[in-house]
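Engineer: how would this look folded up:
(2 chains)
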Amino acid sequence: EAGVTQFPSHSVIEKGQTVTLRCDPISGHDNLYWYRRVMGKEIKFLLHFVKESKQDESGMPNNRFLAERTGGTYSTLKVQPAELEDSGVYFCASSQDVWGSGANVLTFGAGSRLTVL
Amino acid sequence: AQKITQTQPGMFVQEKEAVTLDCTYDTSDPSYGLFWYKQPSSGEMIFLIYQGSYDQQNATEGRYSLNFQKARKSANLVISASQLGDSAMYFCAMREPRGGANSKLTFGKGITLSVRP
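Structural biologist: Next up is the predicted model:
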């Protein structure tokens, strides 16, 4: 079974430019999550999709971040315009919808490292 | 207040020995789940072990076991018979409430483990 795939693995852009990160979850996983780790800090939740719907976007930092999941398959996270503080590693994770199962393990991708200069 | 605390700055262990990675958590919800993930240098977050707040037994998965002390709110990861491939960063995370597919993970800052040959 293919894992969670993220692209690009590393992106270097200038402040003010736009970057789009892509995540392909495990096939059949309804839940898709975006997390971010800024250097030296905790991994923070950004948002959660259930199929194509945004279930929880309470972690999105501001309106420069736009996440989409068209058709409930892959997801994109666009940062426009990028600022210096957006630098970090953006993780995508997916899980099956197993209600009542406490484990509901999230499978993570390798992350997309974003560097804003 | 931090929900997940991992204070060990970096850990070293001799190959084939056991090591304990500390994690304390804070929650007022009686229903929660605790997870450990491993992040090797490749960047991918690998699920290791899960412990539910109502589980009577400490979780075990191969060489990994979780020393769950509910009253102390600690969920330490024990790795037995360390291998060189165990060198990585380890993250403790909590989900509250436990069974909700919609509930998100809160992570600690992580601990770096280095296994010496």
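
Engineer: got the buried residues for stretch A:47-67?
Structural biologist: A:47-50, A:55-56, A:59-60, A:65, A:67 (16 or more other C-beta atoms under 10 Å in any protein chain shown). All C-beta spots, glycine's among them, are computed from the backbone N, C-alpha and C.

Engineer: which ones among those residues are found in helices?
Structural biologist: Using DSSP state H, no member of the buried residues of stretch A:47-67 falls within helices.

Engineer: Need the residues you listed in TSV (columns: distance to chain B and pLDDT).
Structural biologist: Formatted as TSV, the buried residues of stretch A:47-67 follow (distance: C-beta to the nearest C-beta, whole Å; pLDDT from 0 to 100):
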residue	distance to chain B	pLDDT
A:Leu47	9	93
A:His48	6	92
A:Phe49	11	92
A:Val50	7	89
A:Gln55	5	88
A:Asp56	6	88
A:Gly59	8	91
A:Met60	12	94
A:Phe65	16	97
A:Ala67	14	97
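
Engineer: Using TSV, please lay out these together with distance to B:Thr7.
Structural biologist: Shown next, in TSV, are these (distance: C-beta to C-beta, whole Å):
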residue	distance to B:Thr7
A:Leu47	29
A:His48	29
A:Phe49	33
A:Val50	35
A:Gln55	32
A:Asp56	29
A:Gly59	24
A:Met60	29
A:Phe65	31
A:Ala67	33
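
Engineer: out of these, what pair is the most spread apart?
Structural biologist: Spatial extent of those (C-beta to C-beta) is set by the pair A:Val50 and A:Phe65 at 18.8 Å.

Engineer: on that earlier part again, closest to B:Gly10 out of the buried residues of stretch A:47-67?
Structural biologist: Looking across the buried residues of stretch A:47-67 and measuring by C-beta to C-beta, the closest to B:Gly10 is A:Gly59, at 27.9 Å.

Engineer: just checking, that closest one touches A:Lys44?
Structural biologist: Yes: look at A:Gly59 against A:Lys44 with C-beta atoms under 8 Å: they come within range, at 6.0 Å.
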